[in-house]
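**Student:** dropping a prediction and its sequence here:
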Amino acid sequence: MDLKANQASPVVADPAPSTPPTSKSVLGIRSSLMSPPGAVLSKYLTIPRKKPGKLNDVRYNGWLDAMRASSPPRKKLLKDRSFGFASDDFNAAYLSWMIKYPSALSSFEDILEQAKGKKIAVFLDYDGTLSPIVDNPDCAIMSDEMRAAVQDVAKNFPTAIISGRSRDKVSKLVGLAELYYAGSHGMDIIGPVNSDAPDDHPSCVKFTDCQGKEVKLFQPAREFIPVIDEVFRTLVETTKEIKGAKVENHKFCASVHYRNVDEMYWLTVAQRVYDVLAEYPRLRLTHGRKVLEVRPDINWNKGKAVEFLLESLGLNDCEDVLPIYIGDDKTDEDAFNALRKGKCGFGILVSSAPRETNAFYSLKDPSEVMEFLKLLTSWKRCSQG
């Protein structure tokens, strides 16, 4: 595979900020990236990070273990199916896990009880939640039936997609104008302009979208775009000889997929990424489902994105609002955790295998997500008479 040709799809041009970014050489950005403008609220400021100590082998810094932990070997769980015990042990563990994290379908009446007298807001991940996990990320297409279910939900509740993909790419994949989009794990948000909500984020740029709706663009890591682009090109070059490796540029993060890489070469993938990241002290690595993601080291994640969107929607009063976040990936835990800590709403983990989570409920796969969304819509229509 020629990874040099693996460029992200064209980005829909963002409205120009009132003050263009200062021109800098990319080499200068490596070691001297400025913190976000002082006008930005303190909770969005960049967290200082020391340059990591040089390690010659990623086996000693926990990366390889984290890669394995975020990529459960499903085939091994079922390899002794013919003898029964492996499958039985797995099923017993899953049933035990579901006692702690019950199905959102069987618990739907309990969820409605929590929703009494409150406005529901829905937040959705994309990959593994609305579309199946596939070997090629470009082929992760949601079904027409799922798209219709999401559209119906968005017509009845404030709804947003929060994805690790770039905002332009996930919005094209979903193809719906009724909801809001946050890409790059929430570092690139198109949100509503609400006259009743506070609007004290200097990093926001207001404009009118193609539907004539006034919206605002929020990019707390905008200054990192040039360095992420450089890191992306470097990662493409350094991993091009690893069969199955795929690098994507999501504008505010660079993703290295190893889903199609033989496990014996995962160490090589990790080492190549580590060696590149060591040159960029203002970037950090996070682990997703068979993907390594390099992104700005700022205090921002999917949980912060949920809080920002709720505030923008004027729905940040926990007494009147019930936010629901549905996701399947490790990066979605930040959103689950934000709702759990804020005692405002809850997360639903999409997983067919037991694992620790900050969510309250679970769903097995995208088909159950679709069923849950349809239940929400039906309940809303019935409650309106």
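**Tutor:** Structure received.

**Student:** and Ala177, what is it in contact with?
**Tutor:** Ala177 sits next to Gln211 when contact means Cβ atoms under 8 Å, 6 or more residues apart in numbering. (C-beta placed from N, C-alpha, C; glycine too.)

**Student:** pLDDT wise, what is Arg49 at?
**Tutor:** Model confidence at Arg49, given as pLDDT, is 40.

**Student:** can you list the residues that contact the strand or helix carrying Gly303?
**Tutor:** Element membership for Gly303 (DSSP states H and E) is helix 302-312. Contacts to helix 302-312, defined as Cβ under 8 Å, 6+ apart, come from residues 43-44, 121, 123, 125, 160, 162, 180, 182, 185-187, 189, 191-194, 197-198, 201, 216, 218, 316, 321, 323, 325, 327, 331-332, 334-339, 342.

**Student:** what packs against the helix or strand just after it?
**Tutor:** Sequence-wise, the next helix or strand downstream of helix 302-312 (DSSP H and E) is strand 321-327. Helices and strands touching strand 321-327, by 3 or more Cβ pairs under 8 Å, 6 or more residues apart in numbering; DSSP states H and E, are helix 108-115, strand 119-124, helix 302-312, helix 333-341, strand 346-350.

**Student:** in JSON lines: the ones you listed, plus mean neighbour count and distance to Glu371.
**Tutor:** JSON lines is the format used below for the helices and strands packed on strand 321-327 (neighbours: other Cβ atoms under 10 Å; distance: least, Cβ to Cβ, whole Å):
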{"stretch": "helix 108-115", "mean neighbour count": "14", "distance to Glu371": "10"}
{"stretch": "strand 119-124", "mean neighbour count": "22", "distance to Glu371": "14"}
{"stretch": "helix 302-312", "mean neighbour count": "24", "distance to Glu371": "23"}
{"stretch": "helix 333-341", "mean neighbour count": "21", "distance to Glu371": "20"}
{"stretch": "strand 346-350", "mean neighbour count": "25", "distance to Glu371": "12"}
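
**Student:** of the contacts of helix 302-312, just the buried ones, PyMOL syntax please.
**Tutor:** Applying 16 or more other Cβ atoms under 10 Å to these, the buried members can be selected in PyMOL as follows:
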select buried, resi 44+121+123+125+160+162+180+182+185+186+187+189+191+192+197+201+216+218+316+321+323+325+327+331+332+334+335+336+337+338+339
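
**Student:** tell me where the stretch 101-250 of the chain has helices.
**Tutor:** 108-115, 144-156, 167-174, 225-239 (DSSP state H, counting those that start in this stretch).

**Student:** what pLDDT, on average, does the helix or strand where Phe90 lies get?
**Tutor:** In this assignment (DSSP H and E), Phe90 forms part of helix 85-100. For helix 85-100, mean pLDDT rounds to 81.

**Student:** for that helix, which positions count as buried?
**Tutor:** By 16+ other Cβ under 10 Å, the buried positions in helix 85-100 come out as Phe90, Trp97.
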